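Trainee: Fold the following for me, if possible:
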Amino acid sequence: MHVALSHLPHGPEFRFVDDLDELVAGKSGSARYAVRGDEAFLAGHFPGAPLMPGVLLIEALAQLGGVIAQSDPAIPPLRNLRLSAVQGAKITGSAVPGETLLMHASVLGRLGALIQIEGQAWVGEKLVLTTRLTLGGD
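Mentor: Numbers count the residues shown, from 1 in each chain. Model prediction:
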């Protein structure tokens, strides 16, 4: 596991970033999450045809954005960093057990304790999510 991932505040049951493929500290990064099939949320979404919910695709990008933002060596990490807003999310697909979600996120800007993130997610060559997120902390 990449050392930057150790700063995620989430417990292992709610982490949607398995590994960082690229990290430009404080600027951008790429990561992946493998949908294993044993995740608790898949039992009900949907029985017999499980797929990763769109809101969890957004959460995965928010987690990647947080890792990127908190890795900036020139800015102290924020406490209690949370997803504050979602803008323009377009969910055009999902990931099912056995597939890997590939993500890329960039920090667009900061204003005090608010961080604007832009991100995309793919399964293979298929784009499944584009969005802008705002993270906020103390």
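
Trainee: all contacts plus neighbour counts: C-alpha atoms, from now on.
Mentor: Noted.

Trainee: buried ones in whatever helix or strand residue 88 lives in?
Mentor: With elements delineated by DSSP states H and E, residue 88 resides in strand 82-91, which encompasses its position. For strand 82-91, a neighbour-count test (16 or more other CA atoms under 10 Å) marks 82, 83, 89, 91 as buried.

Trainee: just stretch 96-107 next, same as before
Mentor: 96, 97, 99, 100, 101, 102, 103, 104, 105, 106, 107.

Trainee: now those residues as TSV including secondary structure, pLDDT and distance to residue 62?
Mentor: Listed next are these as TSV, based on DSSP: H, G, I helix; E, B strand; the rest coil; pLDDT from 0 to 100; distance: CA to CA, whole Å:
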residue	secondary structure	pLDDT	distance to residue 62
96	coil	98	20
97	coil	98	21
99	coil	98	20
100	strand	98	17
101	strand	98	14
102	strand	98	13
103	strand	98	10
104	strand	98	11
105	strand	98	9
106	strand	98	11
107	strand	98	11
